[in-house]
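A.B. asks: need coordinates for the following:
(chains A and B)
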Amino acid sequence: MAPYESDDAVGAARDEYPRSGRRKAARYAVPVAVVGVAAATIGLVPALADSGDPDLPRISAQQLIEKIAKSDVQQLSGTVKVSTDLGLPDLGGLEDGLMSGSGRGGSGDGSSADPKAKLTELVSGTHTLRVAADGPDRQKLSLLESGAEYSLIHDGKDVWGYDSKSNQVFHSTGSASGKDRDAEPPATPKDFADQALKSVDDTTSVTVDGTAHVAGRDAYKLLIRPKQSGTTVGAISIAVDARTGMPLKFTLTPRSGGAAVLDAGFTQVSFARPAASTFDFTPPKGAKVTEEKDAAGAREHTPEHGGDFAGGLEGKDGLKVLGKGWTSVATFDTGAKGGVPTGSQGGELGGFLGSLGDPVSGRFGKGTVFSTRLVNALITDDGKVYAGTVTKDALVKAADAGK
Amino acid sequence: MSRADVVQAGAGRRPNPLWTLGLLRSELVTTVRRWRTLALLGVLAAVPVLVGIAVKIETRGGGPAGGGGEGPAFISQITNNGLFLVFTALAATLPFFLPMAVGVVAGDAVAGEAGAGTLRYLLVAPAGRTRLLLTKYATVLAFCLLATLVVAVSALLVGALLFPLGELTTISGTRISFAEGLGRAVLIALVVAASLVGVAALGLFVSTLTNSGIAAMATTVGLLITVQIVDQIPQLHALQPYLFSHYWLSFADLMRDPVYWDDLVRNLGLQGLYAAVFGAAAWARFTAKDINA
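C.D. replies: Just a heads-up that it's a prediction; the model follows:
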């Protein structure tokens, strides 16, 4: 009888145990409590781990810079997180197209394993890199991608680039390798720090800004601030490992405030010798291997990036640098009249680029300013380009003065 | 001692722990014997066959597979080493086929019994609701593992038949022996199976909310699709690390050398959290529910 009169049966049960309804509702406290504990753990654990800067002996800025210069780390391996936020509009696929286009320009069938083409990707977004080094002759830099990896391996006289996604290999040998290393785009905190310290002069204030934990190590924080007004660089903070003097974290914040333009830091680091097999590379069967001479043309056309702070652009063909220190402006003549490529030259892209810039005018004439959060560039209608880590006004002033 | 005494002693005893195993065994057998389950497993086994044949045909002329980086992860390495078909097949099935199959089985677990009117007979047995729910969840988890292994074994067979095997290159560019590669394949299959733990718990919770098996399956699979779409919208990036599917493809990190553990650990932690939250919610619902069907 009971099964078919379930409503009555349920009612009877409720009468029998008047408090059972509340007890049943109380069971939902269990999943709620699990969520609460999880949220608290996620929120509190990083806060607890961060708390308490290490106690380190006092050190002057000068001593710290010397410590960085003397630092001679030969063996290390670690993971680096690089975030770049130049405030560029998110162009999605178009951006990819432009970048791969610029990286492959010059050689018809550029390899996707060409280091220059590949590491241009670092210009925007957040990336995880792995670095390993064993002396001056063996280094490895890997760019971790979803389900794939790009590795750049320097082993003696060989430099290998391996793109696991497309199974392509780039290879260069011989005397070029030494020079190649200098030409490698900066990716680690040390590369960025070296660039920044090059620009330290009387236009800069350098202070030691306390201590911090970086990648589980005690570090001093070196704060570099431009004294000049008119630059877009707000401050550069470098965390320097207290024991080895190696820069562990590099943060560049713009004067306009907000998130860092560039943030590169170790999330994990070890100064032990990496396994020798790390640097061994033989191209896998069936992989397409591109030798360097095949791709040499690509080299010329690849844009510089990352670490070009004040003065870094000097020495390029037809390039002049106006001003000094942080407010220096690089200028060159494209020779193309008409300024920003318009419909006739760039097709739809030209019109699109034009819409991204702000028109300005001054004694130099008319032009268009393209702004990012760090670098501003002015392209005048008579084909000159002025660019630097300076504000728009400073750029116009430089153009006026250069006229 | 008379017979009656023995029976009496047996009746007064708590249910034998082995009895739960018996319940689990009967659940497993019932689940695997369903035509629906066999069809799902058949579809899963067919995916590696399709991928393998497609890659074989595409690379017949000696060209590279994957059109220079497109397609599922690892697809360009399959021609060098058949073992990579295991990873490609798992990468291809993990976003949709595998969780859909798990969603169907998990959604059906309780609601299907309720819909067919068999749930109350299960509860007549002295198992208790908590134990029945745990058994149901264990069955769904066993299916997660079974489904993953079906894909992996099918891919390994197809890969061994169509492509060479041997030493392989990790995606970091270092070389490992075939035995180590096989070990990593097993590890990857286990991680993929563990990645489905969250969906399984979610499906089981949905299953306790309704008496219609179809509604529970549809809701679970619908949630799966919604979560995958939300995971693709860049504006919602603050939310994405908490979506159960966010770190699914981190199993590929096991093919790096050295292995990159960060995302793998996050993935397993997240799956554990989903299992705890929705498992507890399913328990709260199921033990407090009025069973009238």
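
A.B. asks: any part of stretch B:260-272 near chain A?
C.D. replies: Yes - counting by CB under 8 Å from any CB of the partner chain, chain A has neighbours in stretch B:260-272: B:Tyr260, B:Asp262. C-betas here are computed from N, CA, C, even on glycine.

A.B. asks: what mean pLDDT does the longest helix seen in chain A have?
C.D. replies: Looking across chain A with DSSP state H, the single longest helix is helix A:29-50. What helix A:29-50 shows for mean pLDDT is 83.

A.B. asks: next helix or strand past that helix?
C.D. replies: helix A:61-70 (DSSP states H and E).

A.B. asks: now for that following helix, which elements pack on it?
C.D. replies: Applying 3 or more CB pairs under 8 Å, 6 or more residues apart in numbering or on different chains; DSSP states H and E, one finds that helix A:61-70 contacts helix A:189-198, strand A:204-214, strand A:217-226, strand A:233-241.

A.B. asks: how distant is the second one from the center of its chain?
C.D. replies: Relative to its parent chain, strand A:204-214 has a centroid offset of 21 Å by CA atoms, centre = their mean, to the nearest Å.

A.B. asks: quick one: strands adjacent to that strand?
C.D. replies: Paired strands of strand A:204-214, with direction, are strand A:217-226 (antiparallel) (DSSP bridges).

A.B. asks: got the angle for the strand it pairs with vs strand A:233-241?
C.D. replies: 160 degrees (axes from the mean of the first three to the mean of the last three CA atoms, to 10 degrees).

A.B. asks: ok, and what's touching strand A:217-226?
C.D. replies: Strand A:217-226 has contacts (CB atoms under 8 Å, 6 or more residues apart in numbering or on different chains) with A:54, A:56, A:59, A:61, A:64-65, A:68, A:196-197, A:200, A:203-213, A:233-243, A:248-249, A:269, A:325-327.

A.B. asks: what subset of those residues is buried?
C.D. replies: Among the contacts of strand A:217-226, those classed as buried by 16 or more other CB atoms under 10 Å in any protein chain shown are A:59, A:61, A:64-65, A:68, A:196-197, A:200, A:203-204, A:206, A:208-209, A:211-213, A:233-242, A:248-249, A:269, A:325-327.

A.B. asks: give me the neighbour count for A:Ala394.
C.D. replies: 21 (other CB atoms under 10 Å in any protein chain shown).

A.B. asks: what about it, helix or strand, and which?
C.D. replies: Applying DSSP H and E as the criterion places A:Ala394 in helix A:392-402.

A.B. asks: let me see the ranges of the helices in chain A.
C.D. replies: Assigned by DSSP H, chain A shows helices spanning A:6-16, A:20-26, A:29-50, A:61-70, A:93-104, A:115-119, A:176-183, A:189-198, A:292-300, A:343-356, A:392-402.

A.B. asks: what about B:Val259, which SS state?
C.D. replies: Following DSSP: H, G, I helix; E, B strand; the rest coil, the label given to B:Val259 is coil.

A.B. asks: and the gap between it and chain A?
C.D. replies: Distance, B:Val259 to chain A, by CB to the nearest CB, to the nearest Å: 11 Å.

A.B. asks: and that residue, what's its pLDDT?
C.D. replies: Taking B:Val259 on its own, its pLDDT is 89.

A.B. asks: the one 5 residues further on now?
C.D. replies: At B:Leu264, the model reports a pLDDT of 94.

A.B. asks: give the contact list for it.
C.D. replies: B:Leu264 sits next to B:Val191, B:Tyr247, B:Ser250, B:Phe251, B:Asp253, B:Leu254 when contact means CB under 8 Å, 6+ apart.

A.B. asks: now with 7 Å, please.
C.D. replies: B:Val191, B:Ser250, B:Asp253, B:Leu254 (CB atoms under 7 Å, 6 or more residues apart in numbering or on different chains).

A.B. asks: in strands, which of these fall?
C.D. replies: Using DSSP state E to define strands, no part of the contacts of B:Leu264 is located there.

A.B. asks: ok, so of those, who is nearest B:Leu119?
C.D. replies: Closest approach to B:Leu119 among the contacts of B:Leu264 (CB to CB): B:Val191, at 33.6 Å.

A.B. asks: what about that closest one, how many residues nearby?
C.D. replies: 21.

A.B. asks: relative to B:Val197, how far out is the closest residue in space to it that isn't next to it in sequence?
C.D. replies: Nearest non-adjacent residue to B:Val191, counting by CB to CB, 6 or more residues apart in numbering or on different chains: B:Phe251, 4.6 Å away. According to CB to CB, to the nearest Å, B:Phe251 stands 13 Å off from B:Val197.

A.B. asks: before we move on, back to that, tabulate the helices and strands packed on helix A:61-70 (a markdown table), appending distance to B:Leu157.
C.D. replies: A markdown table is the format used below for those (distance: least, CB to CB, whole Å):
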| stretch | distance to B:Leu157 |
| --- | --- |
| helix A:189-198 | 47 |
| strand A:204-214 | 48 |
| strand A:217-226 | 48 |
| strand A:233-241 | 51 |
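
A.B. asks: now tell me which of the ones you listed the model trusts least on average.
C.D. replies: helix A:189-198 - the lowest mean pLDDT of these, at a mean of 79.

A.B. asks: packing partners for it?
C.D. replies: Judged by 3 or more CB pairs under 7 Å, 6 or more residues apart in numbering or on different chains; DSSP states H and E, the packing partners of helix A:189-198 are helix A:61-70, strand A:233-241, strand A:247-254, strand A:262-270.

A.B. asks: on that earlier part again, the helices and strands packed on helix A:61-70: which one's closest to B:Tyr121?
C.D. replies: Among the helices and strands packed on helix A:61-70, the nearest to B:Tyr121 by CB to CB is strand A:204-214 (60.2 Å).

A.B. asks: dump the closest one to PDB, restricted to CA.
C.D. replies: Only the C-alpha atoms of strand A:204-214 are listed here, as PDB (Å, rounded to 0.1, in the frame of the first residue of the first chain):
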ATOM      1  CA  THR A 204      68.700  58.500 -12.900                       C
ATOM      2  CA  SER A 205      68.200  57.900  -9.200                       C
ATOM      3  CA  VAL A 206      69.100  54.500  -7.900                       C
ATOM      4  CA  THR A 207      68.100  53.400  -4.400                       C
ATOM      5  CA  VAL A 208      67.800  50.100  -2.500                       C
ATOM      6  CA  ASP A 209      64.100  49.600  -1.800                       C
ATOM      7  CA  GLY A 210      64.100  47.000   0.900                       C
ATOM      8  CA  THR A 211      64.100  43.200   0.500                       C
ATOM      9  CA  ALA A 212      61.800  40.600  -0.900                       C
ATOM     10  CA  HIS A 213      61.300  36.800  -1.400                       C
ATOM     11  CA  VAL A 214      61.600  35.900  -5.000                       C
END
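
A.B. asks: before we move on, the earlier item: same list, the helices and strands packed on helix A:189-198, but as a markdown table with distance to B:Gly22 please.
C.D. replies: Shown next, in a markdown table, are the helices and strands packed on helix A:189-198 (distance: least, CB to CB, whole Å):
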| stretch | distance to B:Gly22 |
| --- | --- |
| helix A:61-70 | 69 |
| strand A:233-241 | 61 |
| strand A:247-254 | 58 |
| strand A:262-270 | 48 |
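
A.B. asks: these: lowest mean pLDDT?
C.D. replies: When those are ranked by mean pLDDT, helix A:61-70 comes last with a mean of 85.

A.B. asks: quick one, what contacts residue 259?
C.D. replies: I went with chain A, as the question did not name one. Going by CB under 7 Å, 6+ apart, A:Ala259 touches A:Asp85.

A.B. asks: try chain B instead
C.D. replies: Applying CB under 7 Å, 6+ apart, the residues contacting B:Val259 are B:Asp253.

A.B. asks: burial measure for B:Val186, as a count.
C.D. replies: By other CB under 10 Å, the residues close to B:Val186 number 12.

A.B. asks: please give me every residue in contact with it.
C.D. replies: For B:Val186, no contacting residues are found, by CB under 7 Å, 6+ apart.

A.B. asks: helix or strand right after the helix or strand where it lies?
C.D. replies: Taking DSSP H and E as the definition, B:Val186 sits inside helix B:178-195. Per DSSP H and E, helix B:178-195 leads on to helix B:197-209 as the next helix or strand towards the C-terminus.

A.B. asks: all set now, cheers.
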